[in-house]
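sequence first, predicted model second:
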Amino acid sequence: MNLDQARFNMVEQQVRPWDVLDPKVLDVMENVPRELFVPRAHAKLAYADLEIPLGQGESMMRPTVEGRLLQALDIQPRDVILEIGTGSGYLTACLARLGGQVDSIDIHKTFTRAAKKHLDKAGITHVHLETGNAAEGWTGQRGHYDVIAVTASMARYRDCFERQLSPGGRLFVVVGEAPVMEAMLVTRQGENEFTRHTLFETSLKPLTGFEPRPQFIF
């Protein structure tokens, strides 16, 4: 496989047609080697628009969703970023290339360890990885962030992450229950003022602690 060509095709034939037009985002996705972050058993799917299994019941997001997430967050070079759900580390790498310091948290230690190796291979250094449960927010490194990316869904929206935004900060999160959920962008306008915009429909696995309530049939 010609990986450079496959990466170019992913951007031009999948990501761009999904209304990802920000040249910074397209450039990052064309230059971060996604194949370094994909499990060996699925290496041939690195540039397919699929959710790629990572183990532990988790998957990498589709490239189109990753592109829309990165574009919506409008990341600036000095932004301090919190990522909830490191996964393979691919999105972590894209966030780091676009912004400043990235703190990334995952509940699975195997993912944290693997992501560290992947990021090192890709030459990404300004990332702090931790293993832990961030279901109600994360204050391990700092209290507030310019950007927060939640890579799993909430069945019902809670404001635990938006409270960690700095003034002008942006939060990406997916809310709802399968099969249809809504991606949202939340912006902190003031101390107690937030705007929330629906971006597009998608579906992601629930974040641990945010699963749908069981449905009882009588």
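That came in fine, so what should we check first? Remember, predicted model here, so these are calculated numbers, not experimental data. Numbers count the residues shown, from 1 in each chain.

please make it C-alpha for all contacts and neighbour counts, starting now.
Will do.

tell me how far the ends of stretch 40-59 are from each other?
In stretch 40-59, first residue to last residue: 14 Å (CA to CA, to the nearest Å).

how many neighbours does Ala122 have?
Look at Ala122: counted by other CA atoms under 10 Å, it has 16 neighbours.

do the same with Asp27
Asp27, neighbours per other CA under 10 Å, totals 14.

with Leu199 instead?
15.

tell me the contacts of it?
182-185 (CA atoms under 8 Å, 6 or more residues apart in numbering).

what of Arg16?
Leu26.

and it, that one's in a helix?
Yes: assessed with DSSP: H, G, I helix; E, B strand; the rest coil, Arg16 lies in a helix.

just the pLDDT at it, thanks.
Arg16 carries a pLDDT score of 97 in this model.

helix, strand, or coil at Leu204?
Leu204 ends up coil, using three-state DSSP.

neighbours around it, how many?
Neighbours of Leu204 (other CA under 10 Å): 26.

now Gln13
Neighbours of Gln13 (other CA under 10 Å): 12.

what's the separation between it and Glu162?
Taken as CA to CA, the span from Gln13 to Glu162 is 34 Å.

which of the contacts of Leu199 are buried?
182-185 (16 or more other CA atoms under 10 Å).

list just the nearest of those to Lys109.
Set against Lys109, the nearest of those by CA to CA is Ala183 (26.9 Å).

quick check: that closest one is in a strand.
Yes: the assignment for Ala183 (three-state DSSP) places it in a strand.

tell me the contacts of it?
172-175, 198-202.

look through the protein and tell me its longest strand.
strand 165-177 (DSSP state E).

that one: which residues count as buried?
165-167, 169-177.

now do stretch 147-162
147-155, 161-162.

farthest-separated two in these?
Between any two of the buried residues of stretch 147-162 (CA to CA), the greatest distance is 21.4 Å, for Val147 and Ala155.

for Gly209, which non-adjacent residue is spatially closest?
Ala135 (5.8 Å; CA to CA, 6 or more residues apart in numbering).

now the one you found: how far from Glu177?
Ala135 is 17 Å from Glu177, by CA to CA.

repeat that for Ala183.
12 Å.

packing partners of the longest helix that the chain contains?
In the chain, with assignment by DSSP state H, the single longest helix is helix 109-121. Helix 109-121 makes packing contacts with helix 90-98, strand 127-131 when contacts are defined by 3 or more CA pairs under 8 Å, 6 or more residues apart in numbering; DSSP states H and E.

what does it contact?
Contact with helix 109-121 is made by 36-37, 86-90, 93, 105-106, 125, 129-131, as judged by CA under 8 Å, 6+ apart.

drop anything exposed from those residues.
Judged by 16+ other CA under 10 Å, buried ones among the contacts of helix 109-121: 36-37, 86-90, 93, 105-106, 129-131.

about what we covered before: could you dump the helices and strands packed on helix 109-121 to JSON lines with mean pLDDT?
Output for the helices and strands packed on helix 109-121, formatted as JSON lines (pLDDT from 0 to 100):
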{"stretch": "helix 90-98", "mean pLDDT": "98"}
{"stretch": "strand 127-131", "mean pLDDT": "96"}
